[in-house]
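**Q** give me coordinates for this.
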Amino acid sequence: MTALLDNIELCLMFVVKFFTMLLELFGIIVLVSTAIKCFIKWIRHGSNLRLDLAQGIALSLEFKMGSEVLRTVVVREWAELAILGAVILLRGLLTFLIHWEIKHEKESLGKNNPV
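**A** Residues are numbered from 1 along each chain as shown. Alright, predicted model coming up:
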């Protein structure tokens, strides 16, 4: 019975690590592709550059935060949990601030471009 539980635990660890890395990869892809698109837009003197960049960063942070939440499933010690909690808290705070910036940027664009 102990061997079966050990195998199940190993399988769970593998699945969690795999999907954690997958979410991290998605976050990196979103961030890099957003940065490239915004750089090209900046070269072409495009509009809404700050808004597009902020939205991409926010989405990337959401993926990264999702991976951290998933990582809490396999935490074994309180010290690890405290570190993960701090990382999640900081990423959540950054996401909140970016969403606040997005809201104000949209309001600013709306005032500058009345319909």
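
**Q** which stretches of the chain have low pLDDT?
**A** 112-115 (pLDDT under 70).

**Q** quick one, longest helix in it?
**A** Secondary structure of the chain per DSSP state H: the longest helix is helix 2-43.

**Q** now find how far off-centre that one is within its chain.
**A** Put simply, helix 2-43 sits 10 Å off its chain's centre (Cα atoms, centre = their mean, to the nearest Å).

**Q** residue most distant from the centroid, this structure?
**A** Using Cα atoms, centre = their mean, the residue of the chain lying farthest from its centre is Met1. It sits 38.9 Å away.

**Q** distance check, that residue against Arg44.
**A** To Arg44, Met1 is 65 Å away according to Cβ to Cβ, to the nearest Å. C-beta here means a position set from N, CA and C on the backbone, and glycine is covered the same way.

**Q** ok, for the residue positioned nearest the centre of the chain, nearest residue in space, not its chain neighbours?
**A** For the chain, Leu61 is the residue whose C-alpha lies nearest the centre (Cα atoms, centre = their mean; 2.0 Å). Distance criterion Cβ to Cβ, 6 or more residues apart in numbering; nearest residue to Leu61, sequence neighbours excluded, is Thr95 at 4.8 Å.

**Q** can you classify that neighbour by secondary structure?
**A** Secondary structure of Thr95, reduced to three states by DSSP: H, G, I helix; E, B strand; the rest coil: helix.

**Q** who's in contact with it?
**A** 58, 61-62, 65 (Cβ atoms under 8 Å, 6 or more residues apart in numbering).

**Q** Ile40 - how many residues pack around it?
**A** 10 (other Cβ atoms under 10 Å).

**Q** all numbers from here: first residue = 23
**A** Done: numbering now begins at 23, and the last item shifts to Ile62.

**Q** ok, now which ones touch it?
**A** So Ile62 contacts nothing (Cβ under 8 Å, 6+ apart).
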